[in-house]
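Undergrad: my questions are about this predicted structure, shown below with the sequence.
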Amino acid sequence: TDGHTDSLCRATLINLLDTFAYDDESVVKEARERFEKHFTDSSALPADYKTTVYKIILINGGEAEYNRILATYYATEDNQERKYALGSLGAAPDLKLKIRALDWAVKSGDVKLQDFYAEFGVVAGGKDGGSAAWDYFKDNFVLIRDKLAKASPSLFSAIIGLAISRFVTNEQANEIEEFFSLNPVPQSSRRVSQSLELIRANAKLFDFVRSSKLVSDPINVWK
């Protein structure tokens with residue numbers, strides 16, 4: 001039996017699989033087997049791994065897999081169980097499914113007010129998801145702002161932070177700055193400012209790396 005440290009290490013490594021090994025044949029095979037089994041045997045897919053497995057299934061699947069995972073949300077009233085679907089649906093690589101996941105979270109009324117922001121992070125965290133999350137935020141800015149008008153300002157700030165979390169260029173920072181100059185968000189101005197500062201710092205770092213021998217002469221740079 002694993003000790004506490006081993007269990008923690010195992011969970012941490014498994015939770016990285018949907019980022020670094022989602023296309024590994026053995027990983028996908030194991031994920032699919034556990035995914036199928038967990039509908040009749042919950043022990044086949046421990047809670048610590050469920051979101052990761054759902055994401056791997058989605059990344060390697062399509063609309064059918066999306067619908068099956070969405071169905072798990074409605075199959076329970078347990079909010080913790082529902083969060084596994086909420087935390088994974090936006091990982092589907094197809095842009096239409098990403099938008100569908102965001103529409104569901106924002107517009108369906110089936111996701112709690114304090115939870116729907118999370119889908120922006122899931123979408124932004126996937127391949128080509130950064131632009132999808134930001135474009136959706138811009139297109140639905142008024143709806144989202146009004147939806148959260150009476151909620152804690154931290155929720156709106158969280159959505160902003162997640163929607164632009166993957167941007168790393170000065171051009172993107174300038175676009176974001178222009179958008180919020182035309183659409184002021186006083187309650188979230190600090191989050192916008194902090195995000196812009198981080199994006200520009202990352203842009204500076206990437207420019208430095210691109211101009212260094214790490215890129216121009218990667219074989220000899222460490223000699």
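TA: Yes, it's here. This one's a predicted model, so the numbers in the text were calculated from it and none came from an experiment.

Undergrad: can you show me the helices along the chain?
TA: Assigned by DSSP state H, the chain shows helices spanning 4-14, 17-20, 25-37, 47-59, 63-74, 79-86, 95-107, 118-125, 129-139, 141-147, 153-163, 170-182, 189-210, 213-216.

Undergrad: for the longest one, which outside residues touch it?
TA: Helix 189-210 is touched from outside by 157, 160-161, 164-165, 167-170, 172-173, 176-177, 180, 185, 215, with contacts defined as CB atoms under 8 Å, 6 or more residues apart in numbering. In this view, the C-beta of every residue, glycine as well, is placed from N, C-alpha and C.

Undergrad: now the two most distant members of these.
TA: Spanning the widest gap among the contacts of helix 189-210 are 185 and 215, at 37.1 Å by CB to CB.

Undergrad: of those two, who's got more company?
TA: Neighbour totals were compared for residue 185 and residue 215, and residue 185 leads with 16 against 10 (other CB atoms under 10 Å).

Undergrad: and the pLDDT for the more buried one?
TA: On pLDDT, residue 185 comes in at 96.

Undergrad: residue 145 is in contact with that one, correct?
TA: Yes: contact criterion CB atoms under 8 Å: residue 185 and residue 145 qualify, at 7.5 Å.

Undergrad: quick check: neighbours shared by the two?
TA: Contacts common to residue 185 and residue 145, judged by CB under 8 Å, 6+ apart, are residue 156.

Undergrad: what is the burial count for residue 108?
TA: Neighbourhood size, residue 108 [other CB under 10 Å]: 9.

Undergrad: repeat that for residue 99.
TA: Neighbour number of residue 99 under other CB under 10 Å is 16.

Undergrad: and it, what does it touch?
TA: Residues in contact with residue 99, defined by CB under 8 Å, 6+ apart, are 132, 136.

Undergrad: please report how far it lies from residue 134.
TA: Distance, residue 99 to residue 134, using CB to CB, to the nearest Å: 13 Å.

Undergrad: give the buried residues for stretch 160-175.
TA: Using 16 or more other CB atoms under 10 Å as the test for burial, stretch 160-175 gives 160-168, 170, 172-173.

Undergrad: show me which pair in those residues is furthest apart.
TA: 162 and 170 (20.7 Å).

Undergrad: how about the residue nearest the centre of the chain: what's its closest non-neighbour residue?
TA: In the chain, the residue lying closest to the centroid (CA atoms, centre = their mean) is residue 122, at 1.8 Å. What sits nearest to residue 122 in space, not counting adjacent residues and going by CB to CB, 6 or more residues apart in numbering, is residue 90, at 3.4 Å.
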